[in-house]
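**Q** predicted coordinates and the sequence they were generated for:
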Amino acid sequence: MLVPNIDPHALAAELSGYHLIDGALVPASSGERFNVLNPATGDPMGYAAAGDAADVEVAVESASRAQKVWAAKTARERGKLVAECGRLLEQHVEELGRLVALESGKALRTESRVEASVLADAFIYFGGLASELKGETIPYNNTSMTMTVREPVGVVGAIIPWNVPMYLMALKVAPALVAGNAVVVKSAEEAPLCCLRVCQLLNQILPPGLFNILSGDGPTCGGPLAAHKDIAKITFTGSVETGRIIHRAAAEKLVPVTLELGGKSPMVIMGDADLERAVDGAVTGMRFTRQGQSCTAASRILVHRSLHDEFIERLSARVDAMRIGDPLDEATDIGTIVSPNQFERVAYYLEKARETAGANIRECSALPTDPKLSKGLFVRPVILSGVTNQHQVCQEEIFGPVTCVIPFDTYEEAIHIANDTEYALAATIWTRDLSTAMRGVNELHAGFVQVNQNVVVQPMLPYGGFKSSGIGKEASLDSMLEHFTHRKTVIINMG
Ligand code: NAI
Ligand code: MG
C-alpha cells in the first residue's frame with residue numbers, strides 16, 4: 001500500500017510525466033510532456049504526460065475490458081469497493097490537500113484540505129448507494145411480469161476542470177463506478193497531478209482498467225476521448241464554449257451527456273434581511289477563499305437600496321481582514337489564481353470596469369510582500385459597484401475574485417435583474433419574510449436555490465443548471481441513476 005506523502009514537491013516529482021492506464025503509470029505514447037506551474041511562485045512544480053488520440057485508444061480499450069468484468073459483480077460488491085476507496089482517501093487528506101494547494105494555488109486551510117476531505121466523503125456516499133440501483137414493476141397485464149431494470153452504460157469519458165479538480169472528478173467517477181461503468185478521465189492542464197494521485201491510490205483497490213486517467217491539452221486529448229466510438233457517455237465540467245464542442249461530439253455519436261458549465265449567480269438581499277448573515281453568506285457564496293474560481297460564485301449581489309452602502313462597507317471590512325499569501329501557509333485565507341490565462345482574464349474584466357464612468361472598484365486585503373512570492377498570481381479581491389446589470393462584467397463569467405453589487409428598489413426589479421443573464425446555475429434570496437422567500441424560490445430561475453444561506457455542493461443534493469449553465473444534474477442518487485445507467489424495459493409473458 002502507498003503511504004501518505006505530505007511533501008507535495010516530492011510527490012509531484014514522483015508523479016510527473018505519467019498517465020495511469022490499466023493499473024499502471026505510463027508516459028505518453030508520443031513521449032511528449034508539459035510543465036505544471038506552481039502559481040504561487042511562477043516556477044514549474046512538475047510536468048505531466050501530454051496525451052493524444054493514441055493514449056485515448058489504449059485507455060478506452062483497457063476500460064472496455066475491465067467494465068465487462070466489473071458489471072458482472074453484484075452492485076453491493078461494487079459499492080463496497082467504492083466505499084473502501086473513500087476510506088483510503090480519508091487517510092490521504094493531508095497529502096492530497098497539500099498537492100492540490102501547490103498545483104492550483106488554493107489555500108490549504110480554507111480550501112485545499114477541505115476539498116480533499118469532501119472528495120473522500122463522495123466515494124463513501126456513493127458506495128453506500130449501490131443497492132439503490134433499482135428498477136420498477138409496471139402493472140401492464142395479469143399474465144406478465146413487467147418491469148424496468150438498470151444497466152450500466154459502459155465506458156464513461158469524464159473531462160474535468162481545475163478549480164475543484166479532485167472533488168468534481170469524484171462526483172463523476174464514484175457514481176459511474178457504482179453503477180457498473182468504467183471511466184476514462186481527462187484531467188485539466190492546470191491540475192493534472194492531484195487527480196493522477198487520486199487515481200493511483202484508488203487503483204490499489206479497484207481492478208486495473210476500471211479507472212484510467214490521461215493528462216493533456218483539451219483539443220488533442222479531450223477531443224479524441226469525447227469522440228471515441230466506445231465512449232458511451234460523456235460527462236463534462238468547464239466552460240460554455242467547450243461544453244458546446246463536447247455536446248456536438250456527443251450528438252455525432254448520439255450518446256448522452258452531462259454538462260456542468262458556468263454561472264453568474266445572483267444573491268438577492270431584501271430590505272428586511274439579516275445583514276450580518278448576508279455578509280457572511282456573500283463571503284462564502286463568492287468563494288473569496290478560492291479567488292472566486294467557482295461556477296456558483298455569488299458574482300452578482302443585488303442589494304435593496306436601503307442597505308446598499310452599509311452592505312459594501314461591511315463586506316469590504318470582512319474581506320480586508322482575510323489574508324492573501326502562500327497557499328501552503330496555515331495562516332493564509334486566500335491563495336492565488338490558477339494560471340496566467342485566468343490571471344489575464346481577471347485583469348481584462350477589471351480594465352473594462354476601470355473604463356466605465358461611475359464604477360467604484362473596491363480592492364480588499366493586501367498582496368503578500370514575501371519576495372519568494374513576487375511572481376505569484378495573486379489578485380486582491382474586488383467589490384465592484386456603480387455598474388448596471390447590462391455591463392459586460394455583470395453578464396460574463398469572470399471566474400475570479402470580482403463580485404458586482406447592484407442596488408434595487410422593489411422585489412420585482414430584483415427578480416428581473418437576477419434572471420436577466422444567460423446563466424441559471426445557482427441563486428440565493430435573503431429575507432426574514434417567509435412569503436417573500438417562497439416567491440423568490442418560485443421565481444428565481446436557477447438549478448440550485450437557497451434561502452438565507454449559501455452552502456456549497458453536497459454529494460446528496462442534485463446540482464446543475466439550466467440555460468447556458470448546462471444540462472443534467474450531478475451528485476445525488478437521482479443523477480447516478482439518470483446519468484450513469486440505461487433503463488431496460490422487460491416483459492415476461494407467463495400466460
Ligand atoms: P475549459 O472548458 O477550456 O476546460 C475544461 C476542461 O475541458 C479541461 O480539461 C480542458 O482540457 C478540456 N477541454 C478544453 N477544450 C476541449 C476540447 N476542444 N475538447 C475536449 N476537451 C476540452 O475551461 P478553461 O479554459 O480551463 O477555463 C475557461 C473558463 O471556463 C473559466 O474562466 C471559467 O469561466 C470557465 N470554467 C468553468 C468551470 C466550472 O466549474 N463550471 C471550471 C473551469 C472553467
Ligand atoms: Mg479552455
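**A** Cool, the structure landed. Ligands and ions are numbered 1, 2, ... in the order given.

**Q** burial measure for Glu344, as a count.
**A** Neighbours of Glu344 under the rule other CB atoms under 10 Å: 11. C-beta here means a position set from N, CA and C on the backbone, and glycine is covered the same way.

**Q** state the distance from it to Val338.
**A** 12 Å (CB to CB, to the nearest Å).

**Q** Ile406 too?
**A** 27 Å.

**Q** between the two, who's got more neighbours?
**A** Taking other CB under 10 Å, Ile406 and Val338 do not tie; Val338 has more neighbours (27 against 22).

**Q** is it true that the more buried one lies in a helix?
**A** No: in this structure, Val338 is coil, not part of a helix, as judged by DSSP: H, G, I helix; E, B strand; the rest coil.

**Q** tell me who's in contact with it.
**A** Residues in contact with Val338, defined by CB atoms under 8 Å, 6 or more residues apart in numbering, are 39, 104-105, 162-163, 190-191, 291, 293, 377.

**Q** and the residue in the stretch 1-150 of the chain positioned nearest to ligand 1, what's its pLDDT?
**A** Residue nearest to ligand 1 within the stretch 1-150 of the chain (CB to the nearest ligand atom): Gly51, separated by 10.2 Å. pLDDT recorded at Gly51 is 98.

**Q** may I have stretch 410-417 as PDB, with CA atoms only?
**A** Extracted C-alpha coordinates of stretch 410-417, given in PDB (Å, rounded to 0.1, in the frame of the first residue of the first chain):
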ATOM      1  CA  THR A 410     -38.600  46.600  -5.400                       C
ATOM      2  CA  TYR A 411     -38.800  42.800  -5.200                       C
ATOM      3  CA  GLU A 412     -40.000  42.700  -8.900                       C
ATOM      4  CA  GLU A 413     -37.000  44.600 -10.000                       C
ATOM      5  CA  ALA A 414     -34.600  42.400  -8.100                       C
ATOM      6  CA  ILE A 415     -36.100  39.200  -9.600                       C
ATOM      7  CA  HIS A 416     -35.900  40.700 -13.100                       C
ATOM      8  CA  ILE A 417     -32.200  41.600 -12.700                       C
END
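
**Q** residues of it that come out buried?
**A** When neighbours are counted by 16 or more other CB atoms under 10 Å, the buried residues of stretch 410-417 are found to be 411, 414-415, 417.

**Q** do the same with stretch 395-406
**A** For stretch 395-406, by 16+ other CB under 10 Å, it's 396-406.

**Q** on that earlier part again, can you verify the residue of the stretch 1-150 of the chain closest to ligand 1 is assigned to a helix?
**A** No: remark: Gly51 does not belong to a helix; assigned using three-state DSSP, it is coil.

**Q** helix, strand, or coil at the residue nearest to it when sequence neighbours are not counted?
**A** Closest residue to Gly51 apart from its sequence neighbours, by CB to CB, 6 or more residues apart in numbering: Gly216 at 3.4 Å. Look at Gly216: counting by three-state DSSP, its state is coil.

**Q** now the residue in the stretch 301-450 of the chain that ligand 1 sits nearest to. Nearest residue, chain neighbours left out?
**A** With CB to the nearest ligand atom, the shortest gap between the stretch 301-450 of the chain and ligand 1 falls at Phe399, namely 3.5 Å. Once flanking residues are discounted, Phe399 sits nearest to Gln293: 5.5 Å by CB to CB, 6+ apart.

**Q** contact partners for that neighbour?
**A** 163, 287, 337-338, 342, 399-400.

**Q** sort out for me which of the residues you listed are in helices.
**A** Gln342 (DSSP state H).

**Q** now for the contacts of Gln293, which pair is the farthest apart?
**A** Maximum pairwise distance among the contacts of Gln293 (CB to CB): 13.8 Å, between Arg287 and Gln342.

**Q** who's in contact with the closest residue to ligand 1 within the stretch 51-200 of the chain?
**A** Here the stretch 51-200 of the chain gets closest to ligand 1 at one residue, Pro161, 3.3 Å apart by CB to the nearest ligand atom. The contact partners of Pro161, taken as CB under 8 Å, 6+ apart, are 168, 188, 237-238.

**Q** any chance of the contacts of Val338 in JSON lines, with secondary structure and pLDDT too?
**A** Formatted as JSON lines, the contacts of Val338 follow (DSSP: H, G, I helix; E, B strand; the rest coil; pLDDT from 0 to 100):
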{"residue": "Pro39", "secondary structure": "coil", "pLDDT": "98"}
{"residue": "Ser104", "secondary structure": "helix", "pLDDT": "98"}
{"residue": "Gly105", "secondary structure": "coil", "pLDDT": "98"}
{"residue": "Trp162", "secondary structure": "coil", "pLDDT": "98"}
{"residue": "Asn163", "secondary structure": "coil", "pLDDT": "98"}
{"residue": "Glu190", "secondary structure": "coil", "pLDDT": "98"}
{"residue": "Ala191", "secondary structure": "coil", "pLDDT": "98"}
{"residue": "Gln291", "secondary structure": "coil", "pLDDT": "98"}
{"residue": "Gln293", "secondary structure": "coil", "pLDDT": "98"}
{"residue": "Leu377", "secondary structure": "coil", "pLDDT": "98"}
